[in-house]
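K.L.:
I need the structure of the sequence given here:
(4 chains)
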Protein chains: 2
Amino acid sequence: MNLINLFTLLRSVKIRSARKGEILIAQGATTQEVFFIRKGIVRSFSIHDKGEEITFQLYAENSVFSNVHGVLFGTASQFNYQTLEDSKFYTIPYTTMMEITQKNSELLEWNRTFFGVRIIQQAFQRVESFVFLSPEQRYMKFAKDHPVLVNRVPDKYIAHVLGITPVSLSRIKRRIAHKRR
Amino acid sequence: MNLINLFTLLRSVKIRSARKGEILIAQGATTQEVFFIRKGIVRSFSIHDKGEEITFQLYAENSVFSNVHGVLFGTASQFNYQTLEDSKFYTIPYTTMMEITQKNSELLEWNRTFFGVRIIQQAFQRVESFVFLSPEQRYMKFAKDHPVLVNRVPDKYIAHVLGITPVSLSRIKRRIAHKRR
DNA sequence: GCAGGGTGTTAACAAAAGATAATTTGCGTT
DNA sequence: AACGCAAATTATCTTTTGTTAACACCCTGC
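P.N.:
Next comes the predicted model:
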C-alpha cells in the first residue's frame, strides 16, 4: 500500500461518538457512510403497524455496518440504526472506501471479504437457521454465536432478530433452563 | 469487450443437460461450476435426521446458481443440487468467469450485479421475510414473487423453503382460499 | 428513599404449527 | 381403463406460538 493511498484513507476516516438511543441512520435516509464499531452496540429496526418497532439486526464491537439498502442496492434505508449504549465509531464514506481499496490489492481483498463474502455469509447462515432450525434451536445458536449480545442486549430485541415474540423467547429460555437439570 | 476475451469466454462455456431427478452438485462436493438455467427447475437441499431431505432453495429459468459454499466460502457444498424437471444449462467454471469479467468493465459490472449484489439482495429479502412476516404472509409473498415456481414445483418443496411443513402449507392455502370469498 | 418507566416473567386463552396417520387426489404407466 | 405411486389434503392430538394483560423486578432520576 503506497503512502498516498494511506493518507487518503486516513484523511477520510472520521471519529464519531453517540449517546445511548441516538439514531445514526434514519429510515428513508440515503447515507452511504460505513460504520466500524469501536465501542457500543447498535440495532437496526423498522417501524410496522401501530408504530411497533421490529429489530432486524444487532451489531457489537469490531463489527461493521452501514445502510445496506443504500450502499448495495442504491435505495433509501429501510431501517433505522440506533445505538443501544453510548458508542464510538470510525466512519468512512462508502465510495471513498471503494475507491481506495480498488487501487490496492491487499485492501481489495479485505474489502471483498468484509463487504462481499462476509455479509453474504451472515445472511446465508441466517436464512439457514430459519429453514433448518426451530425457534429454540435458533436461540441456542444465537447465544453460542453472540454471547456478548445475549448479555448486554434486552431480550425483546433479540426475540425479533430470531423472528419470534419477546413472550415466546421468555418461555423458550425457561424450557432450556429446565432441561439443563 | 475485446475478441480474445469473448473467445475465451465462449470456449469456457459448456452446454449441459440433465434428466429430472439428477444430482448436479452433491453435498460434500467442491465443484466451482456456475450454472445458468436455460430450461428446467433446480432445488438445493440437505439431508437431516432420519434421512429427511430439506429443500433450501428453488431456481427456475434464467437464474444462476452454483455451489455457494464452494465458490464464496471455499468450503465443501452443504447442499445437493437436483433437477426437478428435465433441464438444460450453460455452465462455466467460476474462476474462469471471474478472470474474464475482471478484465472487462462491462462484464465486471454484470458480474458484480449477479454474484455480489443480487445474491446478497435475495438473501437479505429472505431474512426480512422471516423476521417481519408470518408464515401465511410469507407464502403469499412467495406466490407473488415466484408464480412460475408455485405452478410447477410440488408444495412440499416450497413449504421447506418457507420454513414450515408441507401439512402446514396445505392448511395455509386453505385459509387463504376461504378468506377470498 | 420514592415514584415511574421500561423490561422480563407468568397466566390465560385463542390461533397456529408440528407430528403422525389415514384418506383422497392427481398423474403417469402399463 | 385400471393400477400404482407420490403428493396433497384432512383428521386427530400435542406442542408451541401469538396476544393481551397482570405482576414483579430493576434501575434511574428526582
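K.L.:
Please enumerate the helices of chain A.
P.N.:
A:3-12, A:68-73, A:94-102, A:105-111, A:118-132, A:135-145, A:147-152, A:155-161, A:166-180 (DSSP state H).
K.L.:
Let me have those in CSV, adding distance to DNA strand D as columns.
P.N.:
Every residue, glycine included, has its C-beta placed from N, CA and C. Below are these laid out as CSV (distance: least, C-beta to the nearest atom of the strand, whole Å):
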stretch, distance to DNA strand D
helix A:3-12, 35
helix A:68-73, 24
helix A:94-102, 34
helix A:105-111, 37
helix A:118-132, 12
helix A:135-145, 3
helix A:147-152, 13
helix A:155-161, 8
helix A:166-180, 3
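K.L.:
Quick check: which of the ones you listed is nearest to B:Ile164?
P.N.:
Ranking these by their distance to B:Ile164 (criterion: C-beta to C-beta) puts helix A:118-132 first, at 9.7 Å.
K.L.:
Any idea how far apart the tips of stretch A:12-28 sit?
P.N.:
Taking C-alpha to C-alpha, to the nearest Å, stretch A:12-28 runs 24 Å from one end to the other.
K.L.:
That stretch vs chain B: in contact?
P.N.:
No - counting by C-beta under 8 Å from any C-beta of the partner chain, chain B is not contacted by stretch A:12-28; separation bottoms out at 13.6 Å.
K.L.:
Find the centremost residue of chain A, please.
P.N.:
By C-alpha atoms, centre = their mean, chain A has its centre lying nearest to A:Tyr59, at 3.9 Å.
K.L.:
Look up how far A:Ala26 lies from it.
P.N.:
The spacing between A:Tyr59 and A:Ala26, counted by C-beta to C-beta, to the nearest Å, is 17 Å.
K.L.:
residue contacts, the residue nearest to the centre of chain A?
P.N.:
A:Ile37, A:Ile41, A:Val42, A:Arg43, A:Ser44, A:Phe65 (C-beta atoms under 8 Å, 6 or more residues apart in numbering or on different chains).
K.L.:
and the two most separated of the residues you listed?
P.N.:
A:Ile37 and A:Ser44, at 12.7 Å, using C-beta to C-beta across the contacts of A:Tyr59.
K.L.:
Pick out whichever of those two has more residues nearby.
P.N.:
Per other C-beta atoms under 10 Å in any protein chain shown, whichever of A:Ile37 and A:Ser44 has more neighbours is A:Ser44, with 23 against 19.
K.L.:
Quick one: neighbours of the spatially closest residue to that one that is not a sequence neighbour, just the number.
P.N.:
Setting aside the residues directly before and after it, A:Ser44 is nearest to A:Phe79 in space (C-beta to C-beta, 6 or more residues apart in numbering or on different chains), at 4.0 Å. Neighbourhood size, A:Phe79 [other C-beta under 10 Å]: 24.
K.L.:
shouldn't A:Phe79 be in contact with A:His69?
P.N.:
Yes - between A:Phe79 and A:His69 a contact is recorded at 7.5 Å, counting by C-beta atoms under 8 Å.
K.L.:
dump the residue contacts of the nearest residue to A:Ile41 once chain neighbours are set aside.
P.N.:
What sits nearest to A:Ile41 in space, not counting adjacent residues and going by C-beta to C-beta, 6+ apart, is A:Leu84, at 4.4 Å. A:Leu84 makes contacts with A:Lys20, A:Gly21, A:Gly40, A:Ile41, A:Val42, A:Arg43, A:Leu58, A:Arg152, A:Val153, A:Pro154, A:Tyr157, as judged by C-beta under 8 Å, 6+ apart.
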